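Trainee: The following comprises the amino acid sequence and a computationally predicted model.
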Amino acid sequence: MAPLTPRLVVPIDVKRKPWEQKVHLHNRWHPDIPPVADVTEGELFRVEMVDCTGGRVRDDESADDIKFLDLTIVHYLSGPFRIVDAEGVPASPGDLLAVEICNLGPLPGDEWGYTGIFERDNGGGFLTDHFPSARKAIWYFEGIYAYSPQIPGVRFPGLTHPGIVGTAPSVELLNIWNERERKLTETSHESLRLCEVLHQRPLAILPTSESCLLGKIEEGTAEWQKIATEAARTIPGRENGGNCDIKNLSRGSKVYLPVFVEGANLSTGDMHFSQGDGEVSFCGAIEMSGFLELKCEIIRGGMKEYLTPVGLTALHVNPIFEIGPVEPRFSEWLVFEGISVDESGKQHFLDASVAYKRAVLNAIEYLSRFGYSKEQVYLLISCCPCEGRISGIVDAPNAVATLAIPTAIFDQRHLGFADFVINLGYKAKTSGAWTKIEENSGCSEVHLEIGWTPSCNTRPKWNRGTIVT
């Protein structure tokens, strides 16, 4: 018999605000947020979700919505779902919940997304010391492909995935989170640096009742007030999974999540059409509304059998991810290396963050030679299917990180770009002049139109020139 159509458990109307949806959403982690539906083990069910901001970023050419975004709202999640077996017995603490991603994609009629650079004083990003101002690129989808008017000459297949899949924490685990993150925020800020830059972002995002959405629990009640002051933010990944942003977690993948409360209380959200490893601009994936079609399996006693605690309690575990067989195929890459020596020339000891920062900066510097602004390249590296690696972590004093960018994402038909990127001897047009290319690329003349206004937020202004071969 043919499989049944997935049961829709959370429908989304993108014209409505998150708190106006037919099925309640939430944007915090807490054991007392009530489930919105029961799901039976083995059942195929469909979950729709808003984008991480709940529709506050618009499909237009202004980055003001990114610049002034209220970050206390993120992320809006669909769920929680109480997972039960065929006899109706719910998952129990100590079990392992296997969540299979059977299908996913953008919501029909809402096939677009965005990538942003947060303002330094409102979120920032990995390179906020180099890119302190808000920027935005809009992406449109054509089946599996995405393109952006703000980054012309680029088109690539998306490896679509949920940024967030997680289970609810127990009271004990929630207290562990809040205590350790509170202690971090009490550290002397002047002593903490990331990649030799004095920290410019909050060290941790502590519970706040501001913009708190708790599903079925009515705002303003005593119950809401208690939970809102305890509930953990959804920004970082933790023991429950959560905001792991694993770009390869697409069709056919499985997530093995620890169960901390009865029923597991599974939630998901933060859909991405595509993302580069590290999501370096922070709002760095192609954020979108979307749907997941899922199946769950309860592995009784699975936490003890399959997960090894690393910490003081049995709660200090992490999920296991099984990557599916579906992903874009690329055969040619440009690989940029970084070592743990910062921009000032200072040596750091096996610092992978510094090394990855240098790899990203090296990629930006190189690609910006070919007509793109550095802001454009930063946005592109954040969301295209590039591969980040820690290549070396033992050879003192330098950690080595690499960033590999597939050359096929550059649309040769539009720009003739791939030829002179792959062949390092080629030179691109510079301001006020064009350069003869010495090697024969098989064409006599290519008309080149590339460029972007310095603000990166308005319609492109083209730099026109001719490359002669």
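Mentor: It's in. Residues are numbered from 1 along each chain as shown.
Trainee: hey, let's count contacts and neighbours off CA atoms from now on
Mentor: Will do.
Trainee: Please name the residues that touch Leu44.
Mentor: Residues near Leu44 by CA atoms under 8 Å, 6 or more residues apart in numbering: Leu4, Thr5, Pro6, Arg7, Glu293, Leu294, Lys295.
Trainee: Can I have the buried ones of those as a PyMOL selection?
Mentor: Of the contacts of Leu44, the buried ones go into a single PyMOL selection, burial set by 16 or more other CA atoms under 10 Å:
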select buried, resi 293+294+295
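Trainee: Pipe the contacts of Leu44 into TSV and attach pLDDT and distance to Asp51 per row.
Mentor: Listed next are the contacts of Leu44 as TSV, based on pLDDT from 0 to 100; distance: CA to CA, whole Å:
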residue	pLDDT	distance to Asp51
Leu4	79	27
Thr5	93	24
Pro6	98	21
Arg7	98	21
Glu293	98	17
Leu294	98	18
Lys295	98	22
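Trainee: Make CSV from the contacts of Leu44 and add distance to Gln150 to it.
Mentor: Formatted as CSV, the contacts of Leu44 follow (distance: CA to CA, whole Å):
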residue, distance to Gln150
Leu4, 42
Thr5, 38
Pro6, 37
Arg7, 38
Glu293, 32
Leu294, 34
Lys295, 38
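Trainee: burial measure for Cys244, as a count.
Mentor: 18 (other CA atoms under 10 Å).
Trainee: from what I can see it touches Pro236, true?
Mentor: Yes. Using CA atoms under 8 Å, Cys244 makes contact with Pro236 at a distance of 7.3 Å.
Trainee: What sits closest to Ser211 if chain neighbours are left out?
Mentor: Counting by CA to CA, 6 or more residues apart in numbering, Ile73 is the residue found nearest to Ser211 once chain neighbours are left out, at 5.4 Å.
Trainee: Which strand or helix spans Ala264?
Mentor: Under DSSP states H and E, no helix or strand contains Ala264.
Trainee: just Ala146 next, same as before
Mentor: For Ala146, the enclosing helix or strand under DSSP H and E is strand 145-147.
Trainee: what distance separates that strand from the middle of the whole chain?
Mentor: Averaging C-alpha positions (CA atoms, centre = their mean, to the nearest Å) puts strand 145-147 17 Å from its chain's average.
Trainee: can you give me the mean pLDDT across the helix or strand following it?
Mentor: Once the chain leaves strand 145-147, the next helix or strand it forms, by DSSP H and E, is strand 155-157. Average pLDDT, strand 155-157: 97.
Trainee: which stretches of the stretch 1-150 of the chain form helices?
Mentor: Under the criterion DSSP state H, counting those that start in this stretch, helices of the stretch 1-150 of the chain are mapped to 64-67.
Trainee: er, the stretch 251-400 of the chain actually
Mentor: Counting by DSSP H, counting those that start in this stretch, the helices of the stretch 251-400 of the chain are 302-306, 352-367, 374-383.
Trainee: Can you give the contact residues for the shortest one?
Mentor: So the one you mean is helix 302-306. Applying CA under 8 Å, 6+ apart, the contact partners of helix 302-306 are Gly94, Asp95, Leu96, Pro258, Val259.
Trainee: Low-confidence stretches in this protein?
Mentor: Low-confidence segments of the chain, defined by pLDDT under 70: 188-192, 195-200, 412-469.
Trainee: Just give the number of residues close to Gly88.
Mentor: Neighbours of Gly88 (other CA under 10 Å): 12.
Trainee: now swap in Pro108 and tell me
Mentor: Counted with other CA under 10 Å, Pro108 comes out at 9.
Trainee: same question, Leu8
Mentor: Using other CA under 10 Å, Leu8 is surrounded by 13 other residues.
Trainee: Grab the nearest non-local neighbour of it.
Mentor: Closest residue to Leu8 apart from its sequence neighbours, by CA to CA, 6+ apart: Arg46 at 4.6 Å.
Trainee: Could you do Glu100 as well?
Mentor: Of all residues not flanking Glu100 in the chain, Lys254 sits nearest, at 4.4 Å (CA to CA, 6+ apart).
Trainee: surely that neighbour meets Leu97?
Mentor: No. Contact criterion CA under 8 Å: Lys254 and Leu97 do not qualify, at 9.8 Å.
Trainee: What is the neighbour count of the nearest residue to Ile409 once chain neighbours are set aside?
Mentor: The shortest distance from Ile409 to any non-neighbouring residue, by CA to CA, 6+ apart, is to Phe156 (4.9 Å). Counted with other CA under 10 Å, the neighbours of Phe156 add up to 21.
Trainee: Spell out which residues sit in contact with Phe156, please.
Mentor: Per CA under 8 Å, 6+ apart, neighbours of Phe156: Tyr145, Ala146, Tyr147, Cys384, Ala408, Ile409, Phe410.
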